[in-house]
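Peer 1: let's see this in three dimensions:
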Amino acid sequence: MSSSLAGKLRAFVFNPHNGPKVYQDLKAADVPVTTAECRSCADPCDQDHDDFSSRLDIDLDSDMIGSVKPYRRQVVISTGQTDWEKEVTEVEGTLAALLMTANSSLGTSKKPKSINDPLPSGLFSHTNAGRLAILNGSHRPFSRDESEETVIVLPDFMVVSGVPRTLAGAEALWKAALDPALDRVGVTTTRSDNLSTWVLPYSCLILLCSHKRRDKRCAIAAPMLEKTFQQYLEREGWEVHTDLHDLTSEPSLESQVTSTTEKEQLIETQLKSLHAEHKALILKNSHVGGHKFAGNCIIYTPRGAGVWYGRVTPHEVESIVKHTIIDGQVLPTIFRGGVDLACRGKKTLYDW
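Peer 2: Predicted coordinates for the structure are as follows:
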């Protein structure tokens, strides 16, 4: 038995917070969950998967549940790169750093409201969190102006383009789409900025941590996982992009609606139609925490559900594709945590 599989079995069987307990907790919290194996290939592997975990120092024993810090929103900023300085929010002149400054000055210092019926460890609702998680991403900006960025806003499943790489630009983005008082529709009154927004036009978004200068384990894992995800998704007939499709030739939300009600209806209609399109976007991103659990993978659906997986190797990708990306169910053995996963009365993470 490989050291990787042995470690996962130890975590599943002996750790009281993993395996069957995770399944029962998720089930009780109305999270679509499956009992399917996270690994679909034989052991030893008969599909030529590259098990990088066998030659890297991956933590195969610690409990991963609860290792995700709750956040109100997570943004992924265009850079066209797959590696960055160690602390992306401390690099002067970058939108990540400017947005951190804007959030500190404009954001509230109040703690999120406590709730009477807390979710099990690892689960959280974005409406009960206050943190803004700022990531750099591998996608390129839409604008020909090199001083403007394109930002993906999660779990809203929205894209904001034309964000100037200035403090004023960061503040405009915060006020238009990131203010905790706003829902996914964002500001609906007349705005003075020149930002353009669209619904993220994919059936799912797959984020892979590739931040080498933070931890080389993620940098080794990410390209292998990207290749394997693309392989299995295309085998299932899905269209796969590794860069965000330029949306500037398509009408923005601002150009199509004149009222809050119209904008809400248009966004919901577009989001509900996306799963049937079978299109996936895979991006590499900066540090999200838990690099000792590499490979780290986050999967978002148009409904706004975000599933965090850890210890992902090419062995697990086929099962993730079939059970999470296609069927909309969580695999408990590799589960780290997730945002807005509870959906009472629904069978999948795509159901509304």
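Peer 1: burial count for residue 56?
Peer 2: Using other C-beta atoms under 10 Å, residue 56 has 16 other residues around it. Every C-beta, even on glycine, is put in place using the N, C-alpha and C of the backbone.
Peer 1: and what of residue 65?
Peer 2: The tally of other residues near residue 65 (other C-beta under 10 Å) stands at 21.
Peer 1: could you look up the SS state of it?
Peer 2: coil (DSSP: H, G, I helix; E, B strand; the rest coil).
Peer 1: would you map the helices across the stretch 101-250 of the chain?
Peer 2: 167-173, 216-235 (DSSP state H, counting those that start in this stretch).
Peer 1: identify whichever of those lies nearest to residue 345.
Peer 2: Relative to residue 345, the nearest member of those by C-beta to C-beta is helix 216-235, separated by 28.5 Å.
Peer 1: who touches the closest one?
Peer 2: With contact meaning C-beta atoms under 8 Å, 6 or more residues apart in numbering, helix 216-235 is reached by 49-50, 52, 56-58, 82-83, 206, 208-212, 240, 242, 280, 282, 284, 287, 291-292, 294-297, 312-314, 317-318, 320-322, 325.
Peer 1: now it: buried residues?
Peer 2: Judged by neighbour count (16 or more other C-beta atoms under 10 Å), helix 216-235 contains these buried residues: 217-222, 224-226, 228-230, 232-233.
Peer 1: how about these in a markdown table, adding distance to residue 153?
Peer 2: Converted to a markdown table, the buried residues of helix 216-235 look like this (distance: C-beta to C-beta, whole Å):
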| residue | distance to residue 153 |
| --- | --- |
| 217 | 28 |
| 218 | 23 |
| 219 | 25 |
| 220 | 29 |
| 221 | 26 |
| 222 | 22 |
| 224 | 28 |
| 225 | 24 |
| 226 | 22 |
| 228 | 27 |
| 229 | 22 |
| 230 | 25 |
| 232 | 28 |
| 233 | 24 |
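Peer 1: closest one of these to residue 267?
Peer 2: Scanning those for proximity to residue 267, where the rule is C-beta to C-beta, the winner is residue 233, at 25.3 Å.
Peer 1: test my guess that residue 158 contacts residue 185.
Peer 2: No: Residue 158 is beyond contact range of residue 185, at 9.2 Å (criterion: C-beta atoms under 8 Å).
Peer 1: mean confidence for stretch 145-153?
Peer 2: Stretch 145-153 carries an average pLDDT of 96.
Peer 1: list of residues touching that stretch?
Peer 2: So stretch 145-153 is in contact with 73-78, 95, 137, 139-143, 158-166, 169, 173, 177-178, 200, 205, 244, 283, going by C-beta under 8 Å, 6+ apart.
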